[in-house]
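Novice: Show me how the following folds:
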Amino acid sequence: MQKKLAKPVYPRVRALERGLELISALSELGWATPSELAHHTGIHRTTIYRLLDTLVQNKYMHMRPSDGRYSLTKRFSEIAAGIRDEDWVAQVVSPHLGNLLYQIQWPSDFATFTEGRLIIKESTHRFSPMSIHRKMIGKPRPLINSALGIAFLSAVSDDSRTKILSLAKLAGDESINLSEQESLTKSIQFTRARGYSESSGGTQHNISAIAKPICWRNRVLGAINIMFFRQALSPIKAAELYLEALNECVHNIEIELDEMPLDLYAGWIRRRK
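Specialist: Take a look at the predicted model:
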């Protein structure tokens, strides 16, 4: 039986759709006349003039007086500059986390290392029936005590890891003790050999997690976890039950990311295997 699509909550704003069509057409055509835009989009020329006038008044378009042609202004470059690569990555990750939640029911987080902290950028806690948390996006996680942190550190190069730990220490991550490198090195080596990281009570005494890094070509972008109650599962048992699903989730994300036009400097340098 074919599943019915959910009815939209709000009606579509046709004027906005036409404005977006016009912007898309100008990005493709470059300088263009209203007649050319009307022919390209199929929008009535009277509507084209109204849309152009509104966009010009709001400084999103410029009209060249010499020939009456229109072009996009630098405001679009400013808007695009405000979208960081990690925002694109979070958009890619989100539906895959939703699919993982559908399979296992336990919640997951995606975190990136930015501005000296490991920050959760996407989460399914608010949707999971097996979570006591609702607001996780934007919360920091300790690099050393969390499965997310160890998974992330296990994938980066040694030079990148040194820089990351120094930055995190300066940013106030209390989990970091630069004099205890031997213990961290063992955790990283164990994670690399096993293929995933784990923590038990590292962020909260009643919570455990397993995690894997997310990579894009030669860069490490972040990590994804699966969280569960310590009384319900051990990390080893969770891996037996859910590691295959987590591996598939990561694999699918990395395949999709491979097609993304991310900057070559996105993320942290990946270690050579």
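
Novice: Run through the strands of the stretch 101-250 of the chain in chain order.
Specialist: Listed in chain order, the strands of the stretch 101-250 of the chain (DSSP state E, counting those that start in this stretch) span 109-114, 117-123, 140-141, 197-200, 207-216, 219-229.

Novice: what's the closest of the ones you listed to residue 91?
Specialist: Among those, strand 117-123 comes nearest to residue 91, with 8.5 Å by C-beta to C-beta. C-beta here means a position set from N, CA and C on the backbone, and glycine is covered the same way.

Novice: Can you tell me what sits against the closest one?
Specialist: With C-beta atoms under 8 Å, 6 or more residues apart in numbering as the contact definition, strand 117-123 has outside contacts at 86, 89-90, 93-94, 97, 107-113, 136-143, 146, 148-149, 152, 168, 171, 173, 222.

Novice: So which elements touch the helix or strand of the chain with the lowest mean pLDDT?
Specialist: Ranked by mean pLDDT, DSSP states H and E, the helix or strand of the chain with the weakest confidence is helix 75-81, at a mean of 72. The contact analysis (3 or more C-beta pairs under 8 Å, 6 or more residues apart in numbering; DSSP states H and E) places helix 75-81 against no helix or strand.

Novice: how about that helix as CSV, C-alpha atoms only?
Specialist: Extracted in CSV, the C-alpha atoms of helix 75-81 (Å, rounded to 0.1, in the frame of the first residue of the first chain):
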residue,chain,number,x,y,z
ARG,A,75,24.4,40.8,-1.1
PHE,A,76,24.1,37.2,-2.3
SER,A,77,27.8,36.7,-1.9
GLU,A,78,27.5,38.1,1.7
ILE,A,79,24.7,35.7,2.4
ALA,A,80,26.6,32.7,0.9
ALA,A,81,29.7,33.7,2.9
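
Novice: Which residues in it does the neighbour count mark as buried?
Specialist: Judged by neighbour count using 16 or more other C-beta atoms under 10 Å, helix 75-81 contains no buried positions.

Novice: Name the surrounding residues that touch that helix.
Specialist: Outside helix 75-81, the residues within contact range by C-beta under 8 Å, 6+ apart are 23, 27, 59, 60.

Novice: Out of those residues, the closest to residue 45 would be?
Specialist: For the contacts of helix 75-81, the nearest to residue 45 is residue 23 (16.9 Å; C-beta to C-beta).

Novice: who touches the strand or helix carrying that closest one?
Specialist: Following DSSP states H and E, one finds residue 23 within helix 14-29. Identification of contacts with helix 14-29 by C-beta under 8 Å, 6+ apart yields 32, 36-37, 40-41, 43, 47-48, 51-52, 54-55, 60-61, 70-72, 76.

Novice: Could I have the buried ones of these as ChimeraX selection syntax?
Specialist: Burial among the contacts of helix 14-29 is assessed by 16+ other C-beta under 10 Å; the matching ChimeraX selection reads:
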select :32,36,37,40,41,43,47,48,51,52,55,60,61,70,72
